[in-house]
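Engineer: take this sequence and fold it.
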Amino acid sequence: MIQSGILLIDKPEGPSSAQVLGRIKAISGAKKLGHLGTLDPFASGLLLIGVNEGTKVADIFISAAKSYRGVMVLGVATDSQDATGNVIKERPVPPVGESDLKELERKFTGELQQIPPMFSALKKDGVRLYKLARQGKEIPRAPRAIRIETLRLRKSGEAEIELDVTCSRGTYVRTLAADMGEALGCGAHLKSLRRTSCGHLKLDNAVTLDELERLIEKGKIPLLSLSSALGHLRAVTWQSGWLSRVRSGQQEILNQIGKPLAGERLVRILDPRGELVALSEWSEDIPGGLWRLARVFHS
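Structural biologist: From the prediction side, this is the model:
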């Protein structure tokens, strides 16, 4: 039977994240599956799938910074801000040189306010915005704070720009492309988009759905252990006596972790074999702070 962990999937363009999840469920027989952050059907690349206990860490990876590579087309704006939408405006493309690209990088890096697109899964009065958009409706959307960690732009044709971006949760890369097109005075839409990383996990280590099916048939499931998936977090290894207290939900044993390191919020608690038993989160709800159990995992 398939164990707990995370699958790194190279999602193709076309299917939704839910459809990918359905296919994996059919070929794996796992009891519990969940994606750790969706990808638009239009996009390809790294999709993390939590398996069994792996579904408990969704919030960590949904909140993680993500990196993408895409191509934007200048001079053509679409209602969805990507190649799947209807053209709503066409304008001449001005000459764009290296200095223009550097200025765009400067202007669109750091803390930004971004207005979410109508073609999104956000809700208004319980209705997904994309459903309203398909009815030809547009409603006011409040701008949201996002962060662009890094942005690199390269000309790849007279009217095309390649972009590599690392951004915060809640960033719409197609909206970023459309906004950069407006800054150039000609509009733009996103032609393609590929997620290359989520936190410290990379697309290089992902498998396609066809590869996954072949591996499962051979009994070789490419499952990343939870301890490895969360390897960017500090680990403390405890013996069975302390671990039994953790598993029974006793919070006071967490004092043994000591003070957090600078900027530290989560710590892994491992058994002597290196298996993940729990995550502990530093809380400042009381003066001086204390560790609380965030997640307990069952083997």
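Engineer: buried sites along the longest strand along the chain?
Structural biologist: For the chain, the strand with the greatest residue count under DSSP state E is strand 144-157. For strand 144-157, a neighbour-count test (16 or more other Cβ atoms under 10 Å) marks 146, 148, 151, 153 as buried. Backbone N, C-alpha and C define where each C-beta goes, glycine included.
Engineer: likewise for stretch 195-206?
Structural biologist: Neighbour-count burial for stretch 195-206, counted by 16+ other Cβ under 10 Å, picks out 195-199, 201, 203, 206.
Engineer: now do the same end-to-end measure for that stretch.
Structural biologist: Across stretch 195-206, the straight-line distance between its terminal residues is 11 Å, by Cα to Cα, to the nearest Å.
Engineer: quick one: contacts of that stretch?
Structural biologist: For stretch 195-206, contacts defined as Cβ atoms under 8 Å, 6 or more residues apart in numbering pick out 6, 8-10, 36-37, 39, 43-48, 60-61, 64-69, 164, 166, 194, 224, 229, 231-232.
Engineer: redo that, cut-off 7 Å
Structural biologist: Outside of stretch 195-206, the residues that reach it under the criterion Cβ atoms under 7 Å, 6 or more residues apart in numbering are 8-10, 37, 39, 43, 45-46, 48, 61, 64-69, 229, 232.
Engineer: ok, now stretch 72-89?
Structural biologist: Applying Cβ under 7 Å, 6+ apart, the contact partners of stretch 72-89 are 42, 90-93, 117, 119, 159-161, 163, 174-175, 177-178, 181, 184, 186-191.
Engineer: I'd say A178 and H189 touch.
Structural biologist: Yes. With contacts counted by Cβ atoms under 7 Å, A178 reaches H189, the gap being 6.4 Å.
Engineer: ranges for the helices of the stretch 101-250 of the chain?
Structural biologist: All helices of the stretch 101-250 of the chain, identified by DSSP state H, counting those that start in this stretch, fall at 129-134, 173-184, 209-217, 226-229, 240-247.
Engineer: and the contacts of stretch 195-206, which are buried?
Structural biologist: Applying a neighbour-count criterion of 16+ other Cβ under 10 Å, the buried members of those are 8-10, 37, 39, 43, 45-46, 48, 61, 64-69, 229.
Engineer: list the contacts of the residue lying closest to R23 once chain neighbours are set aside.
Structural biologist: Spatially, and ignoring its direct neighbours in sequence, R23 is nearest to L209 (5.9 Å; Cβ to Cβ, 6 or more residues apart in numbering). With contacts taken as Cβ under 7 Å, 6+ apart, L209 has the following neighbours: 9, 20, 23.
Engineer: 8 Å instead?
Structural biologist: L209 touches 9, 11-12, 20, 23-24, counting by Cβ under 8 Å, 6+ apart.
Engineer: quick check: the gap between K56 and Q81.
Structural biologist: Here K56 is placed at a distance of 34 Å from Q81 (Cβ to Cβ, to the nearest Å).
Engineer: compare these two (neighbour count), which wins?
Structural biologist: For the pair K56 and Q81, the greater number of neighbours falls to Q81 (27 against 20), based on other Cβ atoms under 10 Å.
Engineer: skip the chain neighbours and tell me the closest residue to the more buried one.
Structural biologist: Among residues not flanking Q81 along the chain, R174 sits closest, at 3.9 Å (Cβ to Cβ, 6+ apart).
Engineer: show me the contacts for that neighbour.
Structural biologist: Neighbouring residues of R174 by Cβ under 8 Å, 6+ apart: 80-82, 117, 189-190, 193.
Engineer: separation between the most far-flung residue of the chain relative to its centre and Q256?
Structural biologist: When each C-alpha in the chain is compared with the mean C-alpha position (Cα atoms, centre = their mean), G241 comes out farthest, at 36.7 Å. Distance check for G241 against Q256: by Cβ to Cβ, it reads 11 Å.
Engineer: now D285
Structural biologist: According to Cβ to Cβ, D285 and Q256 sit 19 Å apart.
Engineer: of these two, give the one with the bigger neighbour count.
Structural biologist: Q256 (12 against 7).
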